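>>> The following block contains a protein sequence and its predicted model.
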Amino acid sequence: MSTETTYPARMEARLDTDLSRWLWLVKWVLLIPHVIVLVFLWLAFAVLWLVALVAIVFTGRYPRAIFEFNVGVLRWTWRVSYYGYGALGTDRYPPFTLADVPDYPARYEVAYPESLSRGLALVKWWLLAIPHYIVVALLVGGGAWFGWRQGHLEWSAGGGLIGILVLVAGVVLLFSGSYPGGIFDLVVGLNRWALRVAAYAALLTDDYPPFRLDLGGAEPGVTAPLPPPPSGPAARARPGGWTAGRVVAVVVGALLSLTAMGLVGGGGVALWADAARRDADGFLTTPTQRFATGGHALVEEGIDVRVQGPNWLYASAIVGEVRLRVTASSGGPVFVGIGPQADVDRYLAGVAHATVRDFAHPRYGVHEGGAPSTPPGDQRFWDVSSSGPGTMTLLWEPPPGSWTIVVMNEDGSAGVDVDADIGATVPALPWIGVGLLAGGAVLLAGGVLLLVLAARRAAAGPR
């Protein structure tokens, strides 16, 4: 009897006959441990997918240990989905393993390719797979599925055709005690389509997924179930010795690598900004924004300059000199000042004003009240201030304390409408960039070392 299938990614499912009427109502709680583990496994999957892409482009082969790991993640995901809201096809709790479990009612296997197209690896997972992504989105939608979408892991328990069908099956099961066979066949067929696309997008095969909905738990044209994994001497010769310790090492290595890439990216941006984004006076400056209120003042509060720690941690050492430029839209005289938050709060108590909550994308908190008792320039608590027509430029070296920026009309009248930008010299920026790059390099070296050691030992087979 032939066990060959027309597609290298083979998925099988068996509907249990003794399903509980009500257990499906609480499976979302029971699945929490698996969801937590799968989040980390999919992070490792993403890193190893990138490693595999590079390996395929340069060697034409998918590293066997990485292949076994990524197939294992898809297999684990399918078992969890089958137990949960991707099928509700079994009440047997999914095992915590990447390996195939022959007697579990949901199984998944991908035939290892001896060679893969180098050029195809660069385009198949995004360009060639687009038609299938559209179909899977229409058929599967947000059904109970784990996946990497738009750069992050997503898991959903409903919203697509699978979710709707599984909900119907669950309601029927609750009241009748049986799972409708027709719905089961369709649910498994939809999942089979998605798993074939997943194998193709994961670079596990060059065979394009067929545009065909194969219903039922068995693969079409296959008269024998998936064979059990090798045992004894055969198992020792078979790559993929993914023990729990090696899986943990891969996950930790992937997390370190992802963190390292973030640090390296941040360091690169910091050094680029230090070299390319400073103006002629050495300031890094925000784009000019318009700020307006019908009240008597615009306030940016909550500037906290801490004094704990060594001197190099002080804001004045990190931020350096701050420059605030303000121009009244009408060209009239404007006041700008920076004062202690407590004193500003007392001055503006009962005064109609607006608090700016986001300088880059202004949002306002409105405070009702009347006019100030005196113009702002008459106050003596300002650390720095300036007033007059045209553009007011305020230079400030932040001392310790809590400070508030205030912009008003010079006479304190209502209706403040200004254009403003803020900048800082940030003398520590190059050191921050170098520190991020150095830290990223160290973490990347540690992450790569863990990934390489775990993959090599897994490729050597079980010990």
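Now that the structure is in, tell me what you want to look at.
>>> burial count for the closest residue to W49 other than its chain neighbours?
Spatial nearest neighbour of W49, excluding adjacent residues (Cβ to Cβ, 6 or more residues apart in numbering): A202 at 6.1 Å. The way it works is simple: take the backbone N, C-alpha and C, and place the C-beta from them, glycine included. Using other Cβ atoms under 10 Å as the criterion, A202 is surrounded by 23 other residues.
>>> Check the one 5 residues further on too.
Residues contacting D207 under the criterion other Cβ under 10 Å number 15.
>>> Look at it and report its pLDDT.
In this model, D207 is scored at 97, pLDDT.
>>> Tell me who's in contact with it.
Neighbour list for D207: 7-8, 200 [criterion: Cβ atoms under 8 Å, 6 or more residues apart in numbering].
>>> how close does it sit to R107?
Applying Cβ to Cβ, to the nearest Å, one obtains 19 Å for the distance of D207 from R107.
>>> now G119
Distance, G119 to R107, by Cβ to Cβ: 32 Å.
>>> And these two? Which one has more around it.
Per other Cβ under 10 Å, whichever of G119 and R107 has more neighbours is R107, with 22 against 9.
>>> which residues touch the helix or strand containing the more buried one?
According to DSSP states H and E, R107 maps onto strand 106-110. Under the contact criterion Cβ under 8 Å, 6+ apart, strand 106-110 has outside partners 8-14, 67, 71, 74-75, 78-79, 82-83, 87, 89-90, 100-101, 195, 199, 204-205, 225-226.
>>> Could you identify the buried members of those?
A residue is treated as buried here by neighbour count (16 or more other Cβ atoms under 10 Å); on that basis the buried members of those are 8-14, 67, 71, 74-75, 78-79, 82-83, 87, 89-90, 100-101, 195, 199, 204-205, 226.
>>> Narrow those residues to those in strands?
Assigned to strands by DSSP state E, the following of those qualify: 9-13.
>>> quick one, phi psi at D417?
With angles defined as degrees, to the nearest 10, D417 shows backbone torsions of phi -140, psi 110.
>>> how many other residues sit next to it?
Around D417 there are 17 residues (other Cβ under 10 Å).
>>> Looks like it contacts G331 (just checking).
No. Applying Cβ atoms under 8 Å as the test, D417 and G331 come out as separate, 10.7 Å apart.
>>> about what we covered before: can you redo the contacts of D207 as TSV with distance to A438 and pLDDT?
Supplementary listing: the contacts of D207 in TSV, determined by distance: Cβ to Cβ, whole Å; pLDDT from 0 to 100:
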residue	distance to A438	pLDDT
Y7	47	92
P8	44	95
Y200	39	98
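>>> Distance to G189 added to those, as a markdown table?
Listed next are these as a markdown table, based on distance: Cβ to Cβ, whole Å:
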| residue | distance to G189 |
| --- | --- |
| Y7 | 13 |
| P8 | 18 |
| Y200 | 17 |
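>>> where's the residue nearest to R278 when sequence neighbours are not counted relative to G339, distance?
Taking Cβ to Cβ, 6+ apart as the measure, R278 lies nearest to L284, with 6.0 Å between them; neighbours along the chain are not counted. L284 sits 24 Å away from G339 when distances are taken as Cβ to Cβ.
>>> ok, these two, which is more surrounded?
Neighbour count, other Cβ under 10 Å: between L284 and G339, G339 has more, with 22 against 18.
>>> can you give me the strands in the stretch 51-200 of the chain?
106-110, 145-149, 152-156 (DSSP state E, counting those that start in this stretch).
>>> Okay, angle between the first one and strand 9-13 too, please.
What that stands for is strand 106-110. Relative orientation of strand 106-110 versus strand 9-13 (axes from the mean of the first three to the mean of the last three Cα atoms, to 10 degrees): 170 degrees.
>>> Show me what strand 106-110 pairs with in its sheet, parallel or antiparallel.
Here strand 106-110 is paired, per DSSP bridges, with strand 9-13 (antiparallel).
>>> what's the average pLDDT for the helix or strand just after the strand it pairs with?
In the C-terminal direction, the helix or strand that comes right after strand 9-13 (DSSP H and E) is helix 27-30. The average pLDDT within helix 27-30 is 96.
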